[in-house]
Structures are given as C-alpha cells and as structure tokens.
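Trainee: Everything below, folded, please.
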Amino acid sequence: MNAVEIEEAISALAEQPFNPAEFPFAFLQAFGNKETTLRRLRKGETNKSDLGGVLQTNNIHIAAAAPGEVTKMLGALKASPATERAKAKFILATDGDAFEAEDLASGETVACRYAEFPDHFGFFLPLAGITTVKQVRESSFDIRATSRLNRLYVELLKDNPEWGTEERRPDMNHFMARLIFCFFAEDTDIFNGSGLFTATVEQMSARDSSNTHEVIGALFQAMNTKTADRARAGTPRWADPFPYVNGGLFSGRMDVPRFSRIARSYLLHIGGLDWRKINPDIFGSMIQAVAEDDERGALGMHYTSVPNILKVLNPLFLDDLREKLAEAGDNPRKLLNLRNRMARIRVFDPACGSGNFLVIAYKEMRAIEAEINQRRRETGRKTDIPLTNFRGIELRNFPAEIARLALIIAEFQCDVLYRGQKEALAEFLPLDAQNWITCGNALRLDWLSICPPTSTVVKHHADDLFHSPLDQAQIDFENEGGETYICGNPPYKGNARKSGQQKQDLKELFDGVIEKWGLLDYVCGWFFKAHGYAKNASADYAFVATNSVAQGQHVSNFWKPLFDDGLKFIFAVKSFKWSNLAKHGAGVTVVIVGAGRNARDPIIFDGDVRIRAQNINAYLLPQGNYWITGLGRPISAVPGMVKGNYYGLSDHLIFGRGAKDAYIASGLEDSYLRKFYGSTEVINSRPRHCFWFEEKPDERILSVADIRDRLKDGEDKRVKSSDAVSNGMVHRPHQFREMNSAKEHVLAIPVVSSENREYLPVDLLDRDCVLSNKCFALYDAELWSMALVASRIHRIWIATVCVRLRTDFSYSNVLGWNTFPVPTLTDKNKADLTRSAEEILLARQYYFPATIADMYDPDRMDCEFPLVREAHERNDEVLERIYIGRRFRNDTERLEKLFELYTKMTAGSSRQRKKAGAG
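Mentor: Residues are numbered from 1 along each chain as shown. Presented below is the predicted three-dimensional model:
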C-alpha cells in the first residue's frame, strides 16, 4: 500500500463505530498487514501482548483502554516487558474517545480525539515500511487532499469518459486546478469568509447532483466576470459574493463535467478539509500524479523532500545570500543592496514538474527578504521579489498549470506570514495574467528566450494566465542584468530506458558534437543546454542526476568536451538516496552537480562532511582533471581479464543440486556436470550446476533422464531469437554461447557487489567450475593477481572509475582492470603478493562454512572474522609499499598516486595515437 491508500483506509476506520476488540486488527490492516498475518495475531500465535492488547513483533503494541484511562494505558504499554522483548517501535492506546501514541525510538507522541487520529496517519507510516521525512509525517494534509482529489477525478472520468480523451484531458486538468484554487481561497478569506465555495455548491445544487455542474459553472463564470458586468452577463445573484479572479484561471471553456451523487459527495468532503494547511511545495508533486494515468499507481510517492531540494539550492545561491545577510548585520545600506540584488535574481527550472524547486526557492528568498525588512524597520513592506522571476519549463500540461498555481499560493502564504492577512488579501486579486511557466520540451526550446538575461525584444501581454499559449513565455523582466540560477531534477533515464523521442532529443543535441552520445543518460541533455546558456549569459546551474553521470564513460565521453569548453564544477553532493514516499524508502541513488563558468571556491558535500577544494573533477573528487577511458588490454603487466560465459537462452543447461544428483544416479558421468557461478553464487558460496558438453552429446547421453527434452526445449527457444540464430547458438543447444573454462583454476570477480564491503569479493575456484557473464574471470592467472583484486587500492579505483548500479559497484574489465595502474612487479614482489593472497584464502578457510557475504559484512568482519581482516591488512601493507614504500595515509592519497601513474603509463600510447592520426 502507498501512503494515499493508507490514508484512505485509516479515514474509513475512524468513521466506523469504535469496537475495542476489533480496532487493533483493523488498524494493522489499514497499514497493509495481510489477512494471514492478522489471523495468526487473532489466534495468539504471534500476539505477544501481556496487557490484553495486540503486540506485533518489531512493530507496535496496541491496547484498548477503559473510558478515561488512555494515558494510564499508554504508560502501561511503555513499561510492559513484552513491549521491550518484542522490540516494538510504537505504542498506541485509545478508548474510542481519546487517542494517544508514542514513537519509542524518537519519543515523539500523538494525543488527539479519536475522530482526528487520521490527521496523524503520517506518524505511523513506518509501520508500512515507508520511511519518510519528518515534514511529511507532521503535515499529512497534502496526502489526504491528494487522496480525495484522486477519488473525485476517477469518479468524474467514469461518468464523463469524453473528458478523459486526449482532446479534452487539458480541460479536465484545468477544471481540477480551478477547484484546488477555490478550496484554498474559501479557507483563507480570499472568498470573503470561510467555506463559501463548498457551502454554495451544497446549498444550490440538488442532492441528486443533477445540477451540480451548472452551479459550479455559474460560480466559475462569476469569478471570470467583473462585478460591474455581471448583471449584463446573466450571472445569478447568489454568485455575487464571489470576487473577480481574472488571471485566466476561470476564462476559456466554462463547461463542467457532470457529477454523480458520489462525485458530489467527494467534492463536499474535499471542501471540508482545512486548506490553510496546504504545502504548495509538497502538494504539487502529489497532485500531478492524479492527472497522469501512468503515475496514478504511484500516487502520493512523488514527493521530493525539502531538505533534498535545499541540497541543490543552498550551495547554488541561497547560502551566499545568507552569508551576505550575516555580513550586512544591521547596516541599512548593505541590507538595501542585498534586497535590491535579490529582486533581480532569476531562478529557472527547465524540468520544473509541479514547481517544487521554484516554490522552495521563492519561499526561502522571501524569508531572507523579511529578515532584511525587519532589520531595516520596514516590517510589512511589499515584496520586491517578482513571482515572474521564477521560471520553468515542463513537458506536460497539468504539472505546468499546477506549478503556476503553487507559486501563486506560495506568494499569498508568504504575504500573510510577512505582511499580514489584511495586506495579503488586499493585493491578491485579481491574479496577474502573465505566463511564466512554459509547457514544452526543454531540450528543444531556446532557454534564452524563456529566461532571457536582458529585456526581450518581444513582449507577451497575455490576458489570461492559464489559457495563453504555453510555449510563448517571452515577457519583460523587471530585473535586467541580474543573476540567473538554473536548477532542477530532470528525468534521468539511462541508455536502456530512454524512449524513442528521448533518444531523438539527444541526437538533435549531441550528434556531431559528443561521441557515443547514445550511451549517455537523458539528464545529460540538461547539463549540455545549461552549459550553452551559461556561455551566452552569466549563470550557474545545478541538477540532480543519477550517480552514473560521474562514472564510467560519462566522464571522458561527456564531461571532457564541456570542461575543454570552459565548464567548471562549483560544488558537488556525492551519492545519496533521493527519497520519496515509496514503501521501504525506495528511491534512486543520485548525485548533485553544480557547474558554471565563473570562479568559485569549489565545495564537495559527502554526507555531513564539507570538503573545500581547488578543483572538482568529473569523478566528483577534489583533484585535478583526469579522463579514464576503457581499454582493450591492460596498461600494466597483469593477466588479461574476460567476462564469464553468456548464459542467456541457456536456462535449460542450468539446474540445482537435486537435479545434479538425479543425473548422476541415472548414469551421467561427473565429467559432464560442473558447478555454475554468477555474482550471487560466488558471494554466497552456493553454486548451481550445469551441463558441460564440449562435444555434441551422443545417443547414450541423450537417453539419460530428461536431457533430450531439455536440449530440445532450449533449441526451440533459441530458434525464436534472431541473436541466437545469427551467432550459431541455435545449432548447439548443448552449449553456452562461450565455452571458456580454466585448465587449472580461475579467479572469479562478481560483476555487481555491495559498496558496504571494504574489499571487492574475489574467489579462487577449481577447473570444474563455470562462470557466467555475471562474473569476470582471470583464467589460470598466477595467485598474486588475486592480491591485486582483493586490495583496498583496487577497490578505491573501481569505486571511482566504474559505473555503479545504485550505490553497488559494477565491475568492468575495460574500465576497471585494464586501466588499473600497477607498478612493475619484481619476482620478489610477486612472491610476497602470492603469499598474502594465500593468507587471505587460508583465513577464509579457517571460518568455513562462512561465506564471503558473511566474512566481509562490515558489521561482522572485525568481531567474528578477525583473521580475514588481518590477512587483508597484511596484503594492503605489501602492495602499498610496492607503490610508495609505505602505507597510504588515506583514500585521497591512493587516488592521487593512481591517477599520477595512469597519466604516465598512458602518455606514450596517447602520443602514438595522435601521431597515427596525424599520419
């Protein structure tokens, strides 16, 4: 269940009569517990409560209290030995009138009336495996509003299917934007009092909903008609209390979808919410999923946390504004200069979605401006920061509308906060008609025309905000010559996931400019466009991107041409999870890259550590610029490394231990059976098994058990694959695509492994083992090679130059092994490294049957497997003395030495390539 579904279930529970015996089970069911789980709790099989309640291990202890005894019961739950034994995260007590709960880890509590506990459902989201930021836990309104709007949206489309067509979907989305504005306006006195819109719809529309659409249409018409013109326009008198809104929000088509009784009920329920609690920065992200069919399944999971957004905005420009504020102190002249500067700052998000980054930037700047006004004794002064300085591009129509609406709401809320309700209301209506959010493809539009650094030649005087052409955003700025900051969270999309249109977007940008542009992540298009913008207008920019943009081929292929063209990284935030409301904290691993052409003291943010650097290179390291490219063979005197055997379309050749024993029992010789290893099998020491037929099996072998049927099934599947036909696999169903194996032994290196381990997993396997393409192989390599792969210095190299999957390492022979700089090894060096590799293997053997996964678990290595740690320390000692005669002080020093050696070792080949090219 996602957060919105949980909120709906909790709200439904609160509306039912309180049943003390059933409440704990209904509560757990609302948070996604399955019926089988609840059944076991009911029977007492898993219920550990010692207070007559329900105690779910590692989760929550719930008990119904006697009337008036809720606080006492909560204390008993907290003191319960069973609560501690079961490691409960929460305790909850209620009598159907009062409701109290506590998060035992943080000490946070909830105390409210029973009917109001759904307002606090975010407090309990960890029960459903949803880890989220504190701000959302404390403000569940946005999820509740999204939930109800989604139900209304779906119900309206059910009764008005034509409104869901491509032609009319924009009208439907525009109708929803109007409703959102009305709900907000009626709760914030914009509509002259509280609840005017909802009350009018309820009073003037029939209970059977037959004329609900007519009533809402009349209200919309009134809000689009000046008061003096309403009698002539035929506006009903009961709509006169509604103000003239303008701004295009209520212009254009006035028809309204028809309402069923259920839809009318939903609308009235939505109006009953307290819309003063809306957070435009949160709500916008959620509501955009309502109108997107392909996103509704993830409803409520698109929230981007404010702390994450500030990781972009703070180092880009907000930190500098705050520093200037601190420097100004109470100096009126300096404060005035800073306020004037802020009034001319442009913030541009060319992938703005529903406006999160723009809203947060606006609110943060208004807070700084308010502090300036307070220090200058000008509290309540009208803002000098124009809303039109916060510009965006969004591909989809509805989020573009929501972005403008979110900014309008943010402006009003800031005016109320810093100037007062009366002043905010006096200047809020009519809305400004200018259009400053553009709907279009950001990679195809001219950013300089949308966010011009100087006044534009063409002025766009729109007479409406929401129905003017969305691709026409050229209006004059009030701040000619000010600073421009470009920011956002563009779509990432790696090579395999890009759509045909997205690939064409990159082709238009990069063809003839960037080599191998087809391998680039889609987000690279935004960096490229921002770089071009900054060449023509002074601007700094920062985008969220998957961490792959600072790894692998992106570095030399994409960043090098831009660095050569004057780009500099001004700050970087190293890999972290970009969180949302998805279950179990699902989120992509990202970096943030800030760049520009102006001189700045670069800063790297690595967790809580700030590193000031003279330069940030494309690997996001505080070092000089290095460009590592994949190589076909090693630059060092080390054995060649190849990938294991491709096992696609070969499932019929692979099986488990039971099948292997059955084949032997049926008379198949051992020589035709081998252990089969991929990454998981190596790390967990759990090989599968496979057939190994170097020659086509004869009739005797085919008659064993189901071998004939297996091979026939494999052949049938390969016939359907054009790749298998072209490479001949279809004619040899008894073999893998490659048939590589060792004569004596093989060193197996998993392709993907966890970054949490301090050493890369590598294992020595015998000749009767087959490696899949999920492993790299050093066939019959001398054992000192293992000492290199298993070293700290090699792990650091791989972590730096290879691509990652999320935060896990993704090993590469061409990028990681072939480029790995190793000093010339003497016979003694090799003997010493061989000995240290043997010690690692012996230490592992000592702890048999512990696996690599066990022994290299960072939480267990030192306390449970100290001999393995000691063996690796000795290995690192031996190898690092070969490099510099002593141990390296830290990983930074390791990388400095590696890049230095790489540069020297590749200098000759680079000169040869240039010479060959010149010839």
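Trainee: Contacts only, for Asn557.
Mentor: By CB atoms under 8 Å, 6 or more residues apart in numbering, the contact list for Asn557 reads 514-516, 519-520. Bear in mind the C-beta positions are built from the backbone N, C-alpha and C, glycine included.
Trainee: Which one (most neighbours) among those residues?
Mentor: Neighbour counts for the contacts of Asn557 peak at Leu520, which has 25 neighbours (criterion: other CB atoms under 10 Å).
Trainee: And the pLDDT at that residue?
Mentor: In this model, Leu520 is scored at 88, pLDDT.
Trainee: same thing with Leu764?
Mentor: 98.
Trainee: Just confirm it is within a helix.
Mentor: No. Counting by DSSP: H, G, I helix; E, B strand; the rest coil, Leu764 is not found in a helix; it is strand.
Trainee: ok, back up a step: which of the contacts of Asn557 lies closest to Met739?
Mentor: Closest approach between those and Met739, by CB to CB: Leu519, at 29.4 Å.
Trainee: Surely the closest one is in contact with Gln553?
Mentor: Yes. Here Leu519 reaches Gln553: they are 5.7 Å apart, a contact under CB atoms under 8 Å.
Trainee: If we only consider the contacts of Asn557, which is nearest to Leu711?
Mentor: Comparing those against Leu711 with CB to CB picks out Leu519 as the nearest, at 36.8 Å.
Trainee: shaky segments in the stretch 301-450 of the chain?
Mentor: Scanning the stretch 301-450 of the chain for pLDDT under 70 picks out 301-304, 433, 435.
Trainee: Equivalent analysis for the chain, please.
Mentor: In the chain (pLDDT under 70), the answer is 1-2, 130-140, 282-304, 433, 435, 454-481, 494-496, 579-587, 804-808, 908-919.
Trainee: Just give me the longest strand of it.
Mentor: Counting by DSSP state E, the longest strand found in the chain is strand 568-578.
Trainee: Note down every partner strand of the helix or strand immediately after that strand in the chain and its orientation.
Mentor: Per DSSP states H and E, the first helix or strand lying C-terminal to strand 568-578 is strand 588-596. Here strand 588-596 is paired, per DSSP bridges, with strand 539-546 (antiparallel), strand 568-578 (antiparallel).
Trainee: Just the buried positions in the last one, please.
Mentor: What it means is strand 568-578. Buried positions in strand 568-578, judged by neighbour count with 16 or more other CB atoms under 10 Å: 568-576, 578.
Trainee: Which of these sits closest to Met786?
Mentor: Closest approach between these and Met786, by CB to CB: Ser575, at 28.1 Å.
Trainee: Not counting sequence-adjacent ones, nearest residue to that closest one?
Mentor: Asn547 (4.6 Å; CB to CB, 6 or more residues apart in numbering).
Trainee: doesn't Trp578 make contact with the one you found?
Mentor: No. At 10.3 Å, Asn547 does not count as touching Trp578 under the criterion of CB under 8 Å.
Trainee: Quickly list what's touching both of these two.
Mentor: 589-590.
Trainee: Where does Ile840 fall, secondary structure wise?
Mentor: Here Ile840 is assigned to helix 827-846, by DSSP H and E.
Trainee: what packs against the helix or strand just after that helix?
Mentor: Toward the C-terminus, helix 827-846 is succeeded by helix 852-855 as the next helix or strand (DSSP H and E). For helix 852-855, the elements it packs on are helix 679-684, helix 861-864, judged by 3 or more CB pairs under 8 Å, 6 or more residues apart in numbering; DSSP states H and E.
Trainee: can we see that at 7 Å?
Mentor: In terms of contacts (3 or more CB pairs under 7 Å, 6 or more residues apart in numbering; DSSP states H and E), helix 852-855 is packed against helix 679-684.
Trainee: counting contacts, what elements does the helix it packs on pack onto?
Mentor: When contacts are defined as 3+ CB pairs under 7 Å, 6+ apart, helix 679-684 packs onto strand 745-750, strand 752-753, helix 852-855.
Trainee: please redo it, this time with the cut-off set to 6 Å
Mentor: Here helix 679-684 touches strand 745-750, helix 852-855, going by 3 or more CB pairs under 6 Å, 6 or more residues apart in numbering; DSSP states H and E.
Trainee: Of these, give the one that comes closest to Val803.
Mentor: strand 745-750 (14.8 Å).
Trainee: and the angle for the closest one with helix 827-846?
Mentor: Strand 745-750 runs at 70 degrees relative to helix 827-846, counting by axes from the mean of the first three to the mean of the last three CA atoms, to 10 degrees.
Trainee: Restrict strand 745-750 to CA atoms and write it as CSV.
Mentor: Provided in CSV are the C-alpha atoms of strand 745-750 (Å, rounded to 0.1, in the frame of the first residue of the first chain):
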residue,chain,number,x,y,z
HIS,A,745,41.9,-22.7,-11.7
VAL,A,746,40.0,-19.5,-12.2
LEU,A,747,39.8,-16.2,-10.2
ALA,A,748,36.1,-15.2,-10.2
ILE,A,749,35.2,-11.5,-9.7
PRO,A,750,31.5,-10.7,-9.4
